[in-house]
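Colleague: got a structure for you, letters missing:
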DNA sequence: GCCGCAATTGGGGATGACCCTGAGAGATGC
DNA sequence: GCATCTCTCAGGGTCATCCCCAATTGCGGC
């Protein structure tokens, strides 16, 4: 396969040179940049497979580079490369869209491997760093858990309730479920009664508060 | 360092035997289980470093094992091992707390490496699978960002829109804002027209899709 | 079988929420 | 001065919503 193309973004020119010297044999470094604006320009110009992105740049965070390039032509992955191994930095960059995060203490051969894996769509993290992301992910998505209120509803009622909360009219729900409007009304009535709600609007608020939308 | 201890959970005894035969040289398999209850018992009894967990078990999902052991003594990591490489399964298990996810097509030596890395707190994924998690993570936190649709609304209209989307009746909004019902109706009408929506229900769906609730 | 119960499916009918058009008052800008 | 925009409100028509009511089906207990 042909060489993976890379743009290196770091505010220290000496560091960039070092990286290029180390990985230049196996990867094709098509561009370099020292600040956010130059980085964006370089990525747009060369459309590399992978962007090696320093987290701390003089004009801001590497996150900004990813965000401002979001929505652009796909196929470019970002690999964060930083001295920092703080959880906040890692999560921040990953949230923005980085596909990996390695510290600068990485060896040249490991860095090459990491870039090639990221270029293929895989995610790469230095040991321990992935744990930050997974913890944040698992914690951020505290899911369903048992809901006594929902338990009193029958299957059909729960189904109807979901549409109701999202703002679908009875008629629309009837079409969607293949039953008559009147039947939908019956279910809706049962839902309101069981949940002790007075109106359809109250149901929307109830569902929104539970993040059921 | 001493051998990493492992409990293997899979409903096929033959598969468990195969795993044990392959990894037994380098890792210490202290227990096995074929269903959810046995898995929980084994993990509690042996407190292994790593649990190799099949996703699909006869009595349910491997997720249940992780959930029912959550809050127990720490130090045990879960590594999902499945034939499925579906995004839902991967995200489901990671959300529950798995520290890695590899498919059953993995080689014995790679599996041993993966177990050892997970035992040290690192996260391990088969190629491509990590992308699912990162996409879900990044997608779960899509930030406000500028919204051209919202910009066309006046301050008052935005205010009314927020109530509308949450399911408040015109009368309630009027009371809340200290204006007449008729005024609220006018604002509501303007909101629908500007956002090109046909009804109040459509507005609720529009807002829900944008996480404005 | 037979009865009771719950779930699902409908109908009739009345209220009023919803949505449109139009319009006046005040503020701002050219 | 005139145009524009925003906020305010009213009249009026349509139909979504929500009440009470009933038939059908399936399931478990006696």
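Modeller: Arrived safely. All values reported here derive from a predicted model rather than from experimental measurement.
Colleague: Regarding residue A:186, what is its secondary structure?
Modeller: helix (DSSP: H, G, I helix; E, B strand; the rest coil).
Colleague: Tell me how many other residues surround it.
Modeller: For residue A:186, the neighbour count with other Cβ atoms under 10 Å in any protein chain shown is 15. C-betas here are computed from N, CA, C, even on glycine.
Colleague: what do you get for the one 3 residues further on?
Modeller: Taking other Cβ under 10 Å as the neighbour definition, residue A:189 ends up with a count of 11.
Colleague: Pull out the buried positions in the helix or strand containing it.
Modeller: Here residue A:189, judged by DSSP states H and E, is contained in helix A:181-194. Within helix A:181-194, the residues that qualify as buried are A:183-184, A:187-188, A:190-192, A:194, counting by 16 or more other Cβ atoms under 10 Å in any protein chain shown.
Colleague: Could you list which of the residues you listed also contact DNA strand C?
Modeller: Near DNA strand C, judged by Cβ under 7 Å from any atom of the strand, the entries from the buried residues of helix A:181-194 are A:183, A:187, A:190.
Colleague: ok, the closest residue to residue A:97 other than its chain neighbours - contacts?
Modeller: Nearest non-adjacent residue to residue A:97, counting by Cβ to Cβ, 6 or more residues apart in numbering or on different chains: residue A:66, 4.8 Å away. By Cβ atoms under 8 Å, 6 or more residues apart in numbering or on different chains, the residues touching residue A:66 are A:53, A:78, A:93, A:96-98.
Colleague: Which ones among these lie within helices?
Modeller: If you go by DSSP state H, the contacts of residue A:66 have A:93, A:96 in helices.
Colleague: Contact residues of chain A facing DNA strand C?
Modeller: Close to DNA strand C, as judged by Cβ under 7 Å from any atom of the strand, chain A has residues A:154-157, A:177, A:179-183, A:185-187, A:190, A:201.
Colleague: and those residues, which two are the farthest apart?
Modeller: In terms of Cβ to Cβ, these reach their longest pairwise distance at A:155 and A:201, which sit 24.4 Å apart.
Colleague: Could you list the low-pLDDT ranges of chain A?
Modeller: Within chain A, the ranges that satisfy pLDDT under 70 run A:1, A:58-59, A:70-74, A:138-149, A:211, A:213.
Colleague: and the gap between the residue nearest the centre of chain A and DNA strand D?
Modeller: Closest to where the C-alpha atoms of chain A average out (Cα atoms, centre = their mean) is residue A:95, at 5.0 Å. When Cβ to the nearest atom of the strand, to the nearest Å is the yardstick, residue A:95 and DNA strand D sit 34 Å from each other.
Colleague: Likewise for residue A:83?
Modeller: Counting by Cβ to the nearest atom of the strand, the gap from residue A:83 to DNA strand D is 49 Å.
Colleague: Which element, helix or strand, includes the nearest residue to residue A:180 once chain neighbours are set aside?
Modeller: Distances taken as Cβ to Cβ, 6+ apart put residue A:174 closest to residue A:180, at 5.8 Å, once the chain neighbours are dropped. Secondary structure assigned from DSSP H and E places residue A:174 in helix A:170-177.
Colleague: Please name every helix or strand in contact with that helix.
Modeller: helix A:155-165, helix A:181-194 (3 or more Cβ pairs under 8 Å, 6 or more residues apart in numbering or on different chains; DSSP states H and E).
Colleague: The last one near DNA strand D anywhere?
Modeller: Yes: looking at helix A:181-194 against DNA strand D by Cβ under 7 Å from any atom of the strand, the contacts come from A:181, A:185-186, A:188-189, A:192-193.
Colleague: re earlier: would a markdown table of the helices and strands packed on helix A:170-177 with distance to residue A:110 be doable?
Modeller: Shown next, in a markdown table, are these (distance: least, Cβ to Cβ, whole Å):
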| stretch | distance to residue A:110 |
| --- | --- |
| helix A:155-165 | 48 |
| helix A:181-194 | 56 |
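Colleague: what residues does chain A put near DNA strand D?
Modeller: The interface of chain A toward DNA strand D, taken as Cβ under 7 Å from any atom of the strand, is made up of A:169-171, A:181, A:185-186, A:188-189, A:192-193, A:198-201.
Colleague: For stretch A:69-81, measure first residue to last.
Modeller: End-to-end distance of stretch A:69-81 (Cα to Cα, to the nearest Å): 18 Å.
Colleague: oh, I was asking about stretch A:174-189
Modeller: Chord length of stretch A:174-189, first to last residue, is 14 Å (Cα to Cα).
Colleague: The residue nearest to the centre of chain A contacts residue B:136, doesn't it?
Modeller: No: with contact defined as Cβ atoms under 8 Å, residue A:95 does not count as touching residue B:136 (11.4 Å).
Colleague: Look up how far DNA strand D lies from residue A:162.
Modeller: For residue A:162, the distance to DNA strand D - Cβ to the nearest atom of the strand - is 14 Å.
Colleague: Many thanks, have a good one.
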